[in-house]
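Enquirer: no sequence for this one, just the structure:
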């Protein structure tokens, strides 16, 4: 049984065939991940999502051409960052990368940065429930900056890069696996942390459905195949699983 496997990484977008019966990984296909949009202010790191779609499509086309009878598509993706889409899945922003550091700029009404101001709005308990995952490039941090700039559209849906790619290529409603929801996930309830969003005065957003890793989120039609597409996982978690790490 074969699966198409992709890694939408920061340096490259990689694809390979997974042979589950032989437990083998086929030859890897790579395309450079598009670089940041030039001319942005300091600390801003944005990527054109259309360029990522194109590069991913090129990897998929080459990959499926060498496949016999693929059973589905699995993937991992660079974590954090955010891209906002409308109800039809059309992008409202570029992809604001996990490498974006704009929240370190000074907050206009405080003597601290947006990042420090963000943390001060949350309780110790809320920060703990978020797992300590509020990094500078976390989706919640970037959404807070956009809200402060009045650039966060009411009713928009925040997605990670991998979720956006598969939603577009499968023409399906977006869904997020929980490893890619870190920084916005309440780890005690396994749901979006709506209380933290309220504390940060974020406008009403359409948070996507949280999906289990074995639950297809759409169908990818490519090369004469209709392949179930499974939600992308966090690349860091996949790397840990790949080391066969065990408890203790």
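Expert: Received, thanks. Predicted model only: the values in this text are computed from it and were never measured.
Enquirer: Residue 116 is in what secondary structure piece?
Expert: helix 114-121 (DSSP states H and E).
Enquirer: For that helix, name the packing helices and strands.
Expert: helix 139-148 (3 or more CB pairs under 8 Å, 6 or more residues apart in numbering; DSSP states H and E). C-beta here means a position set from N, CA and C on the backbone, and glycine is covered the same way.
Enquirer: what does the average pLDDT come to for the helix or strand following the helix it packs on?
Expert: Moving toward the C-terminus from helix 139-148, the next helix or strand (DSSP H and E) is strand 157-159. Mean per-residue pLDDT for strand 157-159: 95.
Enquirer: Stretch 78-86 now?
Expert: So the average pLDDT for stretch 78-86 ends up being 92.
Enquirer: Could you tell me the end-to-end distance of it?
Expert: Criterion CA to CA, to the nearest Å; first-to-last residue distance in stretch 78-86 is 22 Å.
Enquirer: What residues sit buried inside that stretch?
Expert: Residues of stretch 78-86 classed as buried by neighbour count (16 or more other CB atoms under 10 Å): 78-85.
Enquirer: sorry, back to before: what comes into contact with the helix holding residue 116?
Expert: Applying CB atoms under 8 Å, 6 or more residues apart in numbering, the contact partners of helix 114-121 are 102-107, 110, 112, 127, 134, 136, 140-141, 144-145, 148, 199-201.
Enquirer: Just the buried subset of those residues, please.
Expert: Among the contacts of helix 114-121, the ones that count as buried by 16+ other CB under 10 Å are 102-103, 107, 134, 136, 140-141, 144-145, 148, 200.
Enquirer: need those in TSV with pLDDT and distance to residue 163, can you?
Expert: Shown next, in TSV, are those (pLDDT from 0 to 100; distance: CB to CB, whole Å):
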residue	pLDDT	distance to residue 163
102	95	21
103	94	21
107	88	29
134	88	19
136	92	20
140	94	15
141	95	18
144	94	20
145	94	20
148	91	24
200	93	21
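Enquirer: Return the closest of the residues you listed with respect to residue 211.
Expert: Each of the buried ones among the contacts of helix 114-121 was checked against residue 211 using CB to CB; the closest is residue 140, at 19.5 Å.
Enquirer: quick one: that closest one from residue 181, how far?
Expert: 10 Å (CB to CB, to the nearest Å).
Enquirer: sorry, back to before: adding distance to residue 27, write the buried residues of stretch 78-86 out as JSON lines.
Expert: As requested, the buried residues of stretch 78-86 are exported to JSON lines (distance: CB to CB, whole Å):
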{"residue": "78", "distance to residue 27": "22"}
{"residue": "79", "distance to residue 27": "26"}
{"residue": "80", "distance to residue 27": "30"}
{"residue": "81", "distance to residue 27": "29"}
{"residue": "82", "distance to residue 27": "33"}
{"residue": "83", "distance to residue 27": "30"}
{"residue": "84", "distance to residue 27": "36"}
{"residue": "85", "distance to residue 27": "34"}
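Enquirer: now, which of these sits nearest residue 64?
Expert: Closest to residue 64, out of all of the buried residues of stretch 78-86 and judged by CB to CB, is residue 78, at 22.8 Å.
Enquirer: Spatially nearest residue to that closest one, not counting backbone neighbours?
Expert: residue 10 (5.0 Å; CB to CB, 6 or more residues apart in numbering).
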